[in-house]
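Participant: Here's my sequence, what's the structure:
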Amino acid sequence: IIKNIICGIGDVQWGFKVLILDQVSLRFIDAGVEMKEITKAGVSDVCLIDKDRLPLPRFDGIYFLSPTPSTVNNIIRDFEDGDNPKYKNVHLFFTSRLSEELLRKLGQARVMARIKTLKEVNLQYLVYDSLCFHFDSPKSLFHLYSPLGSQPNEQRDIAERLASVMATLGEYPVIRYARTNANCAAIASLVHEQIEKFRRGGLLKASGTRGTLLVLDRTHDLISPIIHDLFYQSMVEDVLSSASTTHTASEKLYNDIYRYNYKDGEDKDKIREVILNEKDPIWREIRSMHIEAARAWITSNFKKFRDENQDIGQGHDLTKQLRAMPKFQMLKSKFAVHISLAKECMDVYNRTGLERVCSVEQDLATGMTEEKKKVALPPNDLKPLLHDGNMSKENKQRLLMLYYIANPKAAESRSGLEGGAMLTESEEKLLTNWLGLREQTTRTNQQRPPLSDDEWEYVVSRYLPTLYDIILGLSDGKLPVKEYPYLNREEEGETKQTGGSSTGQIKKKPLGPSWGGSGESHTNKKTGPKLIIFIAGGLSYSEIRIAHRLTQKPYNLDVILGSTHIIDPPRFLKQVGALNSSADDEAFKPTSTLLVPPHV
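Facilitator: The predicted structure is shown next:
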């Protein structure tokens, strides 16, 4: 963005530029660019196109926008008054292809005389964090798995977007896919076709060691999107989700924006909104920790922070104190956010009986009890939970969904269990759709027992997403070719010769107790070629956590994780329930392009 957009227009008169964004492009900027970098590149002002802006007719305007009718209309409106234009020269950068109709509309408007640059950046994806991207396309779940969906069109759309990511990364990867669902092979083939077009057109050059692109789909692991994952980020996004029905704080978290109450300097109640992302040093440090380890870290480090700064506001060296104040206030504010977040998570956990639920979920997901005995089906505690009138319907559905994964034959006698759970017709329909989703994969046994005691530290967190084994298998060259074939057989030999997915250096190591308690470091040197894992149909937060941890010591893998969209369990349940509806159902509405809740 800095190199090709802000600095890509060359030198301008006066040396200053104005950067104009919309809600979509703002997400790109917020995810990957620091404001100081933008300022250093000569930008004097950053503003949203749909807000009131002062005319700066001496400055060049850089419009970085999504190609929609509303953004084009706003550009035209900025220059309708020829005597009072918003900016001197216009540089247009669109995040994806501009339609012929909108291009003609621009060409016929007064702004055309001022346009010096017009480019399509081909950013058909959103950057979620330092290693994760997605297409903000919940409708993909519908089109890929619903009998009412448009599967071939969706596969092609996903492939074109994924190829654009490869072009952006400069990767000409070896491509592999999972045999478990036909979507994987179709998308892999279409991605290869598009990448070859880029290569022939000179947009992508193969150089150096080739990375690996592995195409999976959501049915490959149906446990991770619905199980309660009690690691910090996963738990926050689950129990505080705006889609959740298990608590009353449904407006607390919306699209990674957290709202919480605090007291101001005059002891008045105020509401503050913060975005949970990597610009928050505390979030970056503790997001992959277990909730218990995160709480301990917050408590310990807040005490340390308070002790180290107890002299702020006292003493005679006012200049030194003034310099320290901004950082002090920033960290104080961040600690307040996470003290509040952790407390709310535990309040929901204790109030809704999640400990009992999580214990049964872990037995079903691993197939083993905490005493390492094979779990009885149904588990002894399942029926009491389903019959508990105080237990939320959402948690009952999640338990049943896991039970049908652990014991496929149980679906043949659903009425007894579901009747005791007192589910409504629509809630039962969700389970019917779930069984239909389960039938679309050849991977029938999805339970994953812990491989050793070192893999888990907390009884209610024994399950690890299958992605953990897949990434390690890919890194050490042991991922079964029969189950995850190469798109082209000749590439298998090339990979073995060049080390494209097998460095010979990465060994599978036990996670150890630190898996639950260590923070993240961003200075580790990555080893081996790039491993790009794409999951069509949605990506869970527990899988994001796995990918982040495998980029840390002792693994230090170079992993990039992508998907059609990111899902929290409550939202995923709504989407599964709407698979017999239409792609326009509210459950499939994109969220990432909305920066604030509708009521704010």
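
Participant: can you list the weak-confidence ranges in this structure?
Facilitator: Scanning the chain for pLDDT under 70 picks out the ranges 1, 12-15, 31-32, 206-207, 247-251, 264-265, 311-325, 489, 491-525, 592-600.

Participant: remind me, longest strand of it?
Facilitator: Scanning the chain for the strand with the most residues, using DSSP state E, yields strand 527-536.

Participant: So for it, what gets flagged as buried?
Facilitator: By neighbour count with 16 or more other CB atoms under 10 Å, strand 527-536 contains the buried residues 528-536. Any C-beta I mention is one placed from the backbone N, CA and C, and that applies to glycine too.

Participant: elements contacting the top helix by length along the chain?
Facilitator: The residue-count maximum for a helix in the chain (DSSP state H) belongs to helix 318-351. If you count contacts as 3 or more CB pairs under 8 Å, 6 or more residues apart in numbering; DSSP states H and E, helix 318-351 packs onto helix 232-239, strand 257-263, strand 269-275, helix 281-286, helix 291-308.

Participant: Give me the contacts around the last one.
Facilitator: Contact with helix 291-308 is made by 230-232, 235, 282, 285-286, 289, 331-332, 335, 338-339, 342, 345-346, 349, 458, 516-517, 519, as judged by CB atoms under 8 Å, 6 or more residues apart in numbering.

Participant: ok, now the third one?
Facilitator: The set of residues that contact strand 269-275 without belonging to it, under CB under 8 Å, 6+ apart, is 30, 256-264, 280, 333, 337, 596, 600.

Participant: now these: which count as buried?
Facilitator: 256-260, 280, 337.

Participant: And stretch 23-41, end to end?
Facilitator: Stretch 23-41 has its terminal residues 22 Å apart, counting by CA to CA, to the nearest Å.

Participant: Oops, could you answer that again for stretch 28-43 instead?
Facilitator: Note: stretch 28-43 ends 17 Å apart using CA to CA.

Participant: Sort out which residues of that stretch are buried, please.
Facilitator: Buried-residue list, stretch 28-43, by 16+ other CB under 10 Å: 28-29, 31, 33, 38, 41-43.

Participant: before we move on, what about stretch 469-480?
Facilitator: Those buried within stretch 469-480 under the rule 16+ other CB under 10 Å are 469-477, 479.

Participant: Could you check how far residue 84 is from residue 159?
Facilitator: 46 Å (CB to CB, to the nearest Å).

Participant: how many other residues sit next to residue 424?
Facilitator: Number of residues near residue 424 (other CB atoms under 10 Å) recorded here: 9.

Participant: again with the one 5 residues further on
Facilitator: Neighbours of residue 429 under the rule other CB under 10 Å: 17.

Participant: who does the longest strand of the chain pair up with?
Facilitator: strand 212-217 (parallel), strand 557-563 (parallel) (DSSP bridges).

Participant: highest average neighbour count across those?
Facilitator: strand 212-217 (a mean of 27; mean count of other CB atoms under 10 Å).

Participant: Return the distance of it from the chain's centre.
Facilitator: 16 Å (CA atoms, centre = their mean, to the nearest Å).

Participant: Run through who's touching it.
Facilitator: 144, 162, 166, 171, 173-178, 180-181, 183-184, 187-188, 191, 441, 470, 474, 479, 484, 495, 500-501, 529-537.

Participant: Could you say which helix or strand holds the closest residue in space to residue 395 that isn't next to it in sequence?
Facilitator: Distances taken as CB to CB, 6 or more residues apart in numbering put residue 357 closest to residue 395, at 5.2 Å, once the chain neighbours are dropped. Here residue 357, judged by DSSP states H and E, is contained in helix 354-366.

Participant: List of residues touching the helix or strand that comes right after that helix?
Facilitator: The first helix or strand that comes after helix 354-366 along the chain, using DSSP H and E, is helix 382-387. Residues from elsewhere that reach helix 382-387, judged by CB under 8 Å, 6+ apart: 356-357, 360, 391, 395-396, 399-400, 403, 417, 420-421.

Participant: again, but for stretch 49-64
Facilitator: Outside stretch 49-64, the residues touching it (CB under 8 Å, 6+ apart) are 1, 5-6, 9, 12-14, 16-22, 25, 28-29, 43-45, 47, 65, 70-71, 74-75, 78, 84-93, 95, 116, 121.

Participant: Show me which of those are buried.
Facilitator: 1, 5-6, 9, 12, 17-22, 25, 28-29, 43, 45, 65, 71, 74-75, 78, 85-93, 95, 121.

Participant: Select from those residues every entry located in strands.
Facilitator: Short answer: these in strands (DSSP E) are 17-21, 43, 45, 65, 90-93.

Participant: Now render those residues as JSON lines, adding distance to residue 382.
Facilitator: Converted to JSON lines, these look like this (distance: CB to CB, whole Å):
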{"residue": "17", "distance to residue 382": "62"}
{"residue": "18", "distance to residue 382": "60"}
{"residue": "19", "distance to residue 382": "55"}
{"residue": "20", "distance to residue 382": "56"}
{"residue": "21", "distance to residue 382": "50"}
{"residue": "43", "distance to residue 382": "58"}
{"residue": "45", "distance to residue 382": "59"}
{"residue": "65", "distance to residue 382": "52"}
{"residue": "90", "distance to residue 382": "63"}
{"residue": "91", "distance to residue 382": "61"}
{"residue": "92", "distance to residue 382": "58"}
{"residue": "93", "distance to residue 382": "55"}
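
Participant: Nice, that's everything, thank you.
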